[in-house]
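Peer 1: Structure, please.
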Amino acid sequence: MYESDSCILQFLADIKDAFIEKQETINTQDDQTMANIKDALAKFTFTLSFQEKGKFPSQPQQNPKGNHSVSATMRITTTCSLNAPILKRSGGMFVTDATFQE
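Peer 2: Reported below is the predicted structural model:
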C-alpha cells in the first residue's frame, strides 16, 4: 500500500469513529427524552384517573360483558293504545289514536 492510501484509510476511520461517537450521544439523548415523556404521561394519566368527591369520573367504565343478557328465545309482546292530543307549531291540535305493538 502506498502512503496516500493509508492516509485515506486513516481519514475514513476517523470519520467513522466521530460518527459513531455522535450517534451514541444522540441515542443517549433520545433515551432520556423518551423516559421524560413516559414519566409525564404516567403523571398525566394518574391526574386524569383521580376522581374528585362529588364529580363523575372523566373516563366512564365499560359495561360488564358476560351472561347478563336476556335470552333471545323468549319473546314478550305487549300492545298498548295511545289516544293523545298533539300540538302543532301553528297552534292547532289533533288527536291521534295509535296502537303500538312491542
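
Peer 1: What are the boundaries of the helices in the protein?
Peer 2: Ranges of helices in the chain, per DSSP state H, are 3-49.

Peer 1: Show me where it dips below the pLDDT cut-off.
Peer 2: 1-2, 51-53, 56-84, 94-102 (pLDDT under 70).

Peer 1: ok, 80 please
Peer 2: Across the chain, the ranges flagged by pLDDT under 80 are 1-4, 48-102.

Peer 1: Neighbours of Thr45, how many?
Peer 2: 11 (other C-beta atoms under 10 Å). All C-beta atoms are positioned from the backbone trio N, CA, C, and that covers glycine.

Peer 1: if I pick it, what's in contact with it?
Peer 2: By C-beta atoms under 8 Å, 6 or more residues apart in numbering, no residues touch Thr45.

Peer 1: Against Glu3, how distant is it?
Peer 2: Separation of Thr45 from Glu3 (C-beta to C-beta, to the nearest Å) stands at 63 Å.

Peer 1: How about Phe11?
Peer 2: Counting by C-beta to C-beta - Phe11 and Glu3 are separated by 13 Å.

Peer 1: neighbour-wise, which of the two wins?
Peer 2: Counting neighbours by other C-beta under 10 Å for Phe11 and for Glu3 shows that Phe11 has the greater number, 10 against 7.
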